[in-house]
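J.: Okay, predicted coordinates and the sequence, questions at the end:
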Amino acid sequence: MALEQGQKAPNFYAKNDSGKELRLSDLKDKKVILYFYPKDDTTGCVKEACSFRDDIRSLASKGAVVIGVSPDSAESHKKFKKKYSLNFFLVSDTSNEITKAYGVWKKKKFMGREFMGVERTTFVINEKGIIEKIFPRVSPDGHSKEVLEFLDSL
């Protein structure tokens, strides 16, 4: 079932890149930019992560925190975060529970082959846990600016 704006965001409980447990519900009183991406250290994912890194101060000035989610392991996230000096949490979803709960684990096609994978999607969740905005099928170039423009419009 696809999520829609105005719905309560599904809570999750997962390990972040430091190996600590993180719950969405722990972030009450903050806007959460929850972005789903396919794989650490791949071209589009690097662009997207680095743009969020570069805009983190502007996002924080809007009361927002950024969390990236992919099926990669916590160890992979740790290396990715260090290599690119990422300044936000990355959450490991190796079981795909979070990606399925958010409806972003989908059938994809590449070079004539079909497979299941993460559809690059971003959710803006308000301080009450309600989904304010969904950015589906995100293009990594300039996406953090798109999120900032949305936050500026509130």
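T.: The structure has been received and is ready for your questions.
J.: quick one: contacts of stretch 140-152?
T.: The list of residues contacting stretch 140-152 from outside it, by Cβ atoms under 8 Å, 6 or more residues apart in numbering, reads 31, 33, 35, 44-45, 47-48, 51-52, 54-55, 58-59, 62, 64, 120, 122, 124, 133, 135. Glycine gets a C-beta too; all of them are placed from N, C-alpha and C.
J.: Flag every buried residue along that stretch.
T.: Of all the residues in stretch 140-152, those buried under the rule 16 or more other Cβ atoms under 10 Å are 140, 143, 144, 147, 148, 150, 151.
J.: Can you tell me which of the contacts of stretch 140-152 are buried?
T.: So, by 16+ other Cβ under 10 Å, the buried ones in the contacts of stretch 140-152 are 31, 33, 35, 44-45, 47-48, 51-52, 55, 59, 64, 120, 122, 124, 133, 135.
J.: show me where the protein has helices.
T.: According to DSSP state H, the chain carries its helices in the segments 43-54, 56-61, 74-83, 97-101, 143-153.
J.: out of those, which comes closest to residue 13?
T.: Distance to residue 13, taken as Cβ to Cβ, is lowest for helix 97-101 among the helices of the chain, at 9.1 Å.
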